[in-house]
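fold the following for me, if possible:
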Amino acid sequence: MSGRAPQAGPLVRTLARFSPGMQVTAEQIPRYHQYWSEGNRAIASGDGPAWVVLGDSLGQGIGATLPDNGYGGQLRRMVEDGTGTPGPPIINLSRCGARIRDVLDAQLPRLHEIDPEPALVTLTVGNNDLLRTATDRKIVTALETLCARLPATAVVATLPEIGSVRARSINKKIRRMTDSSGFGCADVGAALDTWRGRQAADRFHPNDDGYAVWAEAFLAPVVGV
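Have a look, this model is predicted:
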């Protein structure tokens, strides 16, 4: 379930020559992928339903001090602290740089191969589409296609929207889609009111405190799943 380990793209590699923060990101990408891939192999040989993480570098925890200090690890600890019982193990299918089409084409087929059916599926995607996709309509159409293929246990995150008119517009559509489909909505866009003290050294990804915002946004819909 590991796939070929991703590496930093040409832009990140170029920026890493001049920015220590981007160098950290470049080094984390293959290491965090390896961490989750090794865990995936161990979990796949076990019994019982798992929690599957889909999406982009946010699912990998890039920017956190450790992979398990991303939103997934922090959320799991929050759930365990609140319930007093271990949560389902995490199978992490996310990939750095992933866009919505990557989740549709590469991650969903792997999700549908998992047996038994996952107890929970969480999704963070769309930020890379904002950077690379010309129109919001294309992003929304791709999200609609993706939502139509997600299992009923899915919880979908909105995008950080500080200073982004496009993200605010797309988040309105995500909230409507999750409401109409019955999915949970982790409303990061509403919860993240400032990046101050919450950004990693690359000034793009969250740090541990930033990922805590994601984890808290996921907590209510996850506990309700």
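
what are the contacting residues of the helix or strand containing His112?
Using DSSP states H and E, His112 maps to helix 108-113. For helix 108-113, contacts defined as CB atoms under 8 Å, 6 or more residues apart in numbering pick out Met1, Val52, Leu54, Leu93, Pro118, Val121, Leu146, Arg149, Leu150, Pro151. Glycine gets a C-beta too; all of them are placed from N, C-alpha and C.

now with 6 Å?
For helix 108-113, the external contacting residues (CB atoms under 6 Å, 6 or more residues apart in numbering) are Val52, Leu93, Arg149.

could you dump those residues to TSV with distance to Gly59 and secondary structure?
Below are the contacts of helix 108-113 laid out as TSV (distance: CB to CB, whole Å; DSSP: H, G, I helix; E, B strand; the rest coil):
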residue	distance to Gly59	secondary structure
Val52	10	strand
Leu93	8	coil
Arg149	17	coil
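
of these, grab the buried ones for PyMOL.
In PyMOL syntax, the buried subset of the contacts of helix 108-113 is picked out as below (16 or more other CB atoms under 10 Å):
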select buried, resi 52+93
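
same list, the contacts of helix 108-113, but as TSV with pLDDT and distance to Gly61 please.
Listed next are those as TSV, based on pLDDT from 0 to 100; distance: CB to CB, whole Å:
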residue	pLDDT	distance to Gly61
Val52	97	15
Leu93	98	14
Arg149	96	25
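
quick check: buried residues in stretch 107-121?
Gln107, Leu108, Leu111, Ile114, Pro118, Leu120, Val121.

my read is Val53 is in a strand, agree?
Yes - counting by DSSP: H, G, I helix; E, B strand; the rest coil, Val53 is found in a strand.

can you name the next helix or strand after the lowest-mean-pLDDT helix or strand in the chain?
One helix or strand of the chain scores below all others by mean pLDDT, DSSP states H and E: helix 10-16, with a mean of 50. Next in sequence after helix 10-16, counting helices and strands by DSSP H and E, comes helix 20-44.
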